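K.L.:
The sequence isn't on hand, but the structure is:
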């Protein structure tokens with residue numbers, strides 16, 4: 001099941017206090033970027049985040065779920081209605097998120 005544009009818009013609005021929130025559509029789902037780093041994504045209308053230590057500390061009871069079959073498990077964020085909490089969560093995670101991989105140069 002693909003994620004809805006309505007759910008994406010809701011999550012983006014919940015994160016509107018943060019600078020540099022972006023997303024990219026990928027196979028019916030959405031990758032969420034915070035300040036250029038991948039923070040997580042929206043999969044089947046669920047907000048899943050990379051399982052950083054900061055995220056695990058703020059979401060001690062959050063279940064781990066795979067975004068799709070065969071993928072690494074991520075933290076399911078169930079408190080998506082709490083804009084202040086989501087802002088704090090993304091800010092806390094940022095330093096632990098991996099740097100983007102360098103883009104491969106195209107062969108001529």
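P.N.:
Nice, I can see it. Everything numeric here is computed off the predicted structure, so don't read it as measured data. Numbers count the residues shown, from 1 in each chain.

K.L.:
What ranges does the chain have for its helices?
P.N.:
Along the chain, the segments classed as helices by DSSP state H run 5-14, 53-58, 83-93.

K.L.:
Rebuild these as TSV, extending it with mean pLDDT and distance to residue 21.
P.N.:
Placement of C-beta: from N, CA and C, glycine included. Listed next are the helices of the chain as TSV, based on pLDDT from 0 to 100; distance: least, C-beta to C-beta, whole Å:
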stretch	mean pLDDT	distance to residue 21
helix 5-14	96	6
helix 53-58	97	16
helix 83-93	97	8
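
K.L.:
how about JSON lines for the ones you listed, with mean neighbour count and distance to residue 35 added?
P.N.:
Shown next, in JSON lines, are the helices of the chain (neighbours: other C-beta atoms under 10 Å; distance: least, C-beta to C-beta, whole Å):
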{"stretch": "helix 5-14", "mean neighbour count": "15", "distance to residue 35": "15"}
{"stretch": "helix 53-58", "mean neighbour count": "16", "distance to residue 35": "14"}
{"stretch": "helix 83-93", "mean neighbour count": "17", "distance to residue 35": "9"}
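
K.L.:
I'd like the distance between residue 89 and residue 60.
P.N.:
Applying C-beta to C-beta, to the nearest Å, the value for residue 89 to residue 60 is 12 Å.

K.L.:
again with residue 78
P.N.:
12 Å.

K.L.:
who has more neighbours, the two?
P.N.:
Comparing residue 78 with residue 60 by other C-beta atoms under 10 Å, the one with more neighbours is residue 78, at 13 against 6.
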